[in-house]
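1. Pasted the sequence and its predicted model underneath.
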Amino acid sequence: MKKLTTALIAYALICSTALSHAVDDEFQAWSALAASGSINDGDLLFWFDGHARFGDDAGRLSTSIIRPGLGWRHSPDLTLWLGYARVTGHQADPNIEEDRAWQQAIYRLGDFANGQLSGRTRLEQRFRDEDSDTGVRVRQFLRWAKPIPNSSLSYVVANELFLNLNDAQWGQSSGFNQNRLFLGLNHRVNETYRVEVGYVHNYINQIGRDNQLNHILSASLFVAW
């Protein structure tokens, strides 16, 4: 298991840096609220996350997302989910509206380097009004957290790799889409609330124009019921 997790982390870090060349840079600020928990204290689960992302040097709202879902606890180490997302891109007039169906598995991978390693594999089907094509994308997320002794803080390193599985006439091209590398701190306020703040290095592969490198200040509130 340790060899596998080491290989996965190394692969994720390589993906975040290997394509760093001739890109447009931008500073952004992202905020998120995520809530999840059990329904009637059983194995049926609920999920909601909402996002407000500010681009152009954090001067204007660029993207907003709402994403509800339902899940099932297969075991203490594995949960399975499905849901819907509404994504609005505020970069253009009119706004770019995208609907997504999504399915995901969240799992624990065990101990690594005195911390806990976990993963999430998400499959998305993406729809836009301007074209009937469905874009299919897979997102592989890995997260490592290590508690800081005698405190409520943890170091966090996370990486999410996005791969498009097909072409869609509205603009999706198959292959590498983007990578997000997160470095930050997690503060557990109590059993219900935790806050995560840090830096995101977001590299986006853009077909037909310069690629994009976003330097992001990220702040998230997580609520567990």
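-> Great, that's in hand.
2. Where in this protein is the helix or strand with the lowest mean pLDDT?
-> For the chain, counting by mean pLDDT, DSSP states H and E, helix 2-17 ranks last in confidence among helices and strands (a mean of 56).
3. just how off-centre is whatever helix or strand comes next after that helix within its chain?
-> Later in the chain than helix 2-17, the nearest helix or strand by DSSP states H and E is strand 23-38. From the chain centre to the centre of strand 23-38 is a distance of 8 Å (Cα atoms, centre = their mean, to the nearest Å).
4. Residue 41 falls within a helix, correct?
-> No - using DSSP: H, G, I helix; E, B strand; the rest coil, the assignment for residue 41 is coil, not a helix.
5. Can you tell me how far it is from residue 124?
-> Separation of residue 41 from residue 124 (Cβ to Cβ, to the nearest Å) stands at 30 Å. In short, each C-beta sits where N, CA and C put it, glycine included.
6. quick one, which of the two is more surrounded?
-> Counted by other Cβ atoms under 10 Å, residue 41 and residue 124 do not tie: residue 124 has more neighbours, with 20 against 8.
7. Is the more buried one in a helix, a strand, or coil?
-> Once three-state DSSP is applied, residue 124 turns out strand.
8. OK, contacts around the residue in the chain sticking out farthest from the centre?
-> The outermost residue of the chain relative to its centre, with distances by Cα atoms, centre = their mean, is residue 150 at 29.2 Å. If a contact means Cβ atoms under 8 Å, 6 or more residues apart in numbering, then residue 150 has no contacts.
9. what does residue 98 give?
-> 86, 87, 88, 89, 126, 127, 128.
10. Now pLDDT and secondary structure too, for the residues you listed, in a markdown table please.
-> Below are the contacts of residue 98 laid out as a markdown table (pLDDT from 0 to 100; DSSP: H, G, I helix; E, B strand; the rest coil):
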| residue | pLDDT | secondary structure |
| --- | --- | --- |
| 86 | 98 | strand |
| 87 | 97 | strand |
| 88 | 96 | strand |
| 89 | 94 | strand |
| 126 | 98 | strand |
| 127 | 97 | strand |
| 128 | 94 | strand |
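11. Identify, from those residues, the entry nearest to residue 143.
-> residue 87 (22.1 Å; Cβ to Cβ).
12. Any idea what that closest one is bridged to?
-> residue 65, residue 98 (DSSP bridges).
13. give me the number of residues near it?
-> Neighbours of residue 87 under the rule other Cβ under 10 Å: 17.
14. Would you quantify the distance from the residue nearest the centre of the chain to residue 138?
-> By Cα atoms, centre = their mean, the chain has its centre lying nearest to residue 160, at 6.1 Å. According to Cβ to Cβ, residue 160 stands 11 Å off from residue 138.
15. so where's this structure uncertain?
-> Counting by pLDDT under 70, the chain contains low-confidence ranges at 1-22, 92.
16. 50 instead?
-> Residues of the chain that meet the criterion pLDDT under 50 lie in 20.
17. all strands for it, in order.
-> 23-38, 44-55, 60-75, 78-89, 96-112, 115-128, 131-147, 153-164, 175-188, 193-204, 211-224 (DSSP state E).
18. Give the buried residues for the third one.
-> Under the neighbour-count criterion of 16 or more other Cβ atoms under 10 Å, strand 60-75 has 62, 63, 65, 67, 69, 71 buried.
19. Thank you, goodbye.
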